[in-house]
Every structure is written in C-alpha cells, then in structure tokens.
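# quick check, what structure comes out for this input:
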Amino acid sequence: MSGGSVYLAGMGLACTLGNDLPTAVAALARGGVRPVPVAVSEGVQWPVHMLPPQEGDWKQRLERVVRSVAAQAYEGTAAARSGPLFVASSSLDIGGMEHTVQDLRLGGDLQDFAGLVAAALDWRGPVFTISTACTSALNAVLAGCDLIRSGQADEALVIGAELGNRFTVAGFGAMQLLSSDGAQPFGAGRNGLVLGEAVAALRLGSRAARWRIAGGANVVDGRNPSGTEASAVLAMCHQALAQSGLRPQDIDLIKVQAAGSPANDAIEALALKQVFDPLPPLVSLKSAIGHTLGASGAAELALLVGCIEAGVWPSAGYAIDDELGIALSTQAPAVLRNILLNVVGFGGGHASLVLEDGR
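Prediction:
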C-alpha cells in the first residue's frame, strides 16, 4: 500500500451472536451463546457456531444476510454500488452444492459465489473473489486499500462470507482439528477449534473517519500448510508494523489468531513474544463466534470495533495455559490507539492489519 489514508467507513456483521452488530455485541456482553451440534455422518457430529435460524433455502439465506450486513455498513448514507466489491470466502458455494440438485448447481467457476453476492446487492462495479483460506477477508481489505490509496477508487466494499456446510466440518474433523465441546484459545484445556458461520461487511473509504487502516501485510510460508509457522508470524508482524510506520511498543492491543489448537496457539504465543517485549494486551474472539475461516478477518474486526465502541469486552471464561506465559486481557486497555489484528490460515497464509483509533 502507498499513497493516501484509508478509513473504515462502515461495517456490518451477522454471526452466531446475532444478525446485526449491536445485537451481537449485546449477546457477547450477556455471556455469548453455545455452539450447536452439526451432524456430518451417521453418529458423527461436531459443535459449530451457527447463524440464528432463518427461513428459506441456502441461496435465499445468503442473499438476505448479505443485504443485511451491507445495509449496516451503509447505514446513514446512500449505498454506492459502482466501486469495487471484494467477496472473501474459503468455502464459497460448497453449502449451496450440498442443498441443490445437480442440474441447478452453479457452474463451478471460482467467481460464481461472488456473482451471487453481487447480484444480491445489485452491484454495478467490478467484483473480485478473494479466496486464500482463512486470510481471505484480511487480504480483501489489503486489496481494497491498495485501490483506494492508488487513487483508482474512493470506496470499496469487502464482504467476508462463510456459511455452514458439512464438507468443511467433516474435513476439519477428519484432520483431528476440532474440539468436541468448545474452543479455548490459549486455554489450559484447549483441545481444538470450533467452526462458525459469519457474514461481515467492511466499507472502506478515503474520507476521514474514526478508524484508519494504518497498514498490513500478507506472508505465505508453505512449510506448514495446515498450521502456524513462527518465522511467518514474525515476518507478518514486522512487515505490518513497518508499513504502518510503527514500532512494536506502539501497539496497544493484539487480536490474536489463536483458535484453540494445542500446537498452533503455542507457536503463535512464542512468536509474538519474540516481536513484542513486553507483550501488549491480547484479545481473542474465536471462543465467542467460532473460527469463521475466510470471513474471520472481517467478522472479528467488526466485532472487536463494535465491542470497543460499545464499551463491551469479551472475556475468556476459562483458565489460560500458564506454560504459554501469556494472558488474555480482561478489560479494554486504558490507552488504545493502535490495534494489530492477526489471522493465520491453511496454505501457509499469515496476514496482519494495523487499525488506528483516531478519536
């Protein structure tokens, strides 16, 4: 990224906590919700943080949720539909394929899912698909920032969408990555992650607003295609800081990737301690909404900003692993200006974003 500043002009969220951001933040303040069991085959089921039940088939559900989160992001202003639209997802239309007869399925083109989202929004501008596993949404934000900073667009809309499907749950289960009860990021009793559904909208723009996207980085290290690589965590943090013009001591809060994996959480904690000394306060959201894969960068950013603006703070509610030598913050930092958001995904993807509170 280079050139002018990019700001978070609006945001919307639908997740297991609620169909809009204020409802989700309020539900989190009340203690959150439990995941529900999803059966992937006879006698095999895993807990998943599902969206609140809605009527209609998969496509109708997608259209309704996408319109809702976009309306939240454009609240108080006319929706501009001629700028770039970035659709970020890991599973794309897999859920639709599971619920649609063969003759009515999409054609298998990578752009098909983004086409559905664009049609739901009556979008008239260019549409891009970003599918880099769990880093999809953060990479979409970085791409949108590039267009705005270069003067090719005044605004961009990022839609991060991950809707439930049995294929993804079964695959993660087969890889022995799932918890059978609940996710405990950095927890002493962590035994795997819990997947989640979410659709989030981030409206990016060049006009000054409270939250500025100061910088970010995307690092791919394929040596560990299904887990966290310490050297890549170091690289993404250092690159994001350098692009933001910040030092490690300038970061007031880190939104960690930690999903509850025994090994990956430990690698991330060790790597962060090599970059930050001392560590700034840490916060995790995956015990509240699950790991929402390709949507996680947008969903967790929206939920975190919503919590900060509402004065709500997510609590872990379980014991942290003493051997990691870290803690999750139990309250908002007294000084909170620069936030680092980290996301790690399959394929060796490691992405960071620095968000500055200009209030």
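# buried stuff in the lowest-mean-pLDDT helix or strand in the chain?
Every helix and strand of the chain was ranked by mean pLDDT, DSSP states H and E. The lowest is helix 94-98, at a mean of 88. Residues 94, 95, 96, 97 are the ones in helix 94-98 that count as buried (16 or more other CB atoms under 10 Å). The C-beta positions use only the backbone N, C-alpha and C, and glycine is treated the same way.
# go on, stretch 265-284?
265-269, 271-272, 275-276, 279-284.
# which is the next helix or strand following the least confident helix or strand of the chain?
helix 112-120 (DSSP states H and E).
# dump that following helix to CSV, keeping only the CA atoms.
Extracted in CSV, the C-alpha atoms of helix 112-120 (Å, rounded to 0.1, in the frame of the first residue of the first chain):
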residue,chain,number,x,y,z
ASP,A,112,-19.8,-17.9,-9.2
PHE,A,113,-20.1,-17.2,-5.5
ALA,A,114,-19.1,-13.6,-5.8
GLY,A,115,-21.6,-13.3,-8.6
LEU,A,116,-24.3,-14.4,-6.3
VAL,A,117,-23.3,-11.8,-3.7
ALA,A,118,-23.0,-9.1,-6.3
ALA,A,119,-26.5,-9.9,-7.7
ALA,A,120,-28.0,-9.8,-4.2
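# look up how far residue 135 lies from residue 56.
Look at residue 56 and residue 135: by CB to CB, to the nearest Å, they are 30 Å apart.
# counting neighbours, go ahead and name the busier of these two.
Comparing residue 56 with residue 135 by other CB atoms under 10 Å, the one with more neighbours is residue 135, at 33 against 10.
# show me what contacts that one?
218, 297, 343, 344, 345, 349, 350, 351 (CB atoms under 8 Å, 6 or more residues apart in numbering).
# now do the contacts for the last one.
Residue 351 is in contact with 135, 138-139, 142, 216-219, 236, 297, 342-345, counting by CB under 8 Å, 6+ apart.
# filter these down to the ones in strands?
Counting by DSSP state E, the members of the contacts of residue 351 that fall within strands are 216, 217, 218, 219, 342, 343, 344, 345.
# what's the per-residue pLDDT of the fifth one here?
If you check residue 342, the pLDDT there is 97.
# could you do the last one as well?
pLDDT recorded at residue 345 is 90.
# what number of residues lie near it?
Residue 345 - counted by other CB under 10 Å - has 27 other residues nearby.
# one step back: okay if I get the contacts of residue 135 as a markdown table plus distance to residue 79?
Shown next, in a markdown table, are these (distance: CB to CB, whole Å):
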| residue | distance to residue 79 |
| --- | --- |
| 218 | 28 |
| 297 | 22 |
| 343 | 27 |
| 344 | 33 |
| 345 | 30 |
| 349 | 31 |
| 350 | 33 |
| 351 | 27 |
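# out of the contacts of residue 351, which one sits closest to residue 123?
Distance to residue 123, by CB to CB, is smallest for residue 139 among those, at 19.6 Å.
# residue contacts, the closest one?
88, 130, 132, 218, 297, 349, 351.
# now residue 186
Applying CB under 8 Å, 6+ apart, the residues near residue 186 are 256, 258, 265, 269, 282, 284, 316, 320, 321, 324, 326, 328.
# 6 Å instead?
258, 265, 320, 321, 324 (CB atoms under 6 Å, 6 or more residues apart in numbering).
# can you tell me the element the second one falls in?
When elements are assigned from DSSP H and E, residue 265 belongs to helix 262-275.
# so residue 341 touches residue 353, yeah?
Yes. Look at residue 341 against residue 353 with CB atoms under 6 Å: they come within range, at 4.6 Å.
# so these two - more neighbours on which side?
Set residue 341 next to residue 353 and count neighbours by other CB under 10 Å: residue 353 wins out with 27 against 24.
# give me the nearest residue to that one, chain neighbours excluded.
Nearest residue to residue 353 in three dimensions, chain neighbours excluded: residue 216, at 4.2 Å (CB to CB, 6 or more residues apart in numbering).
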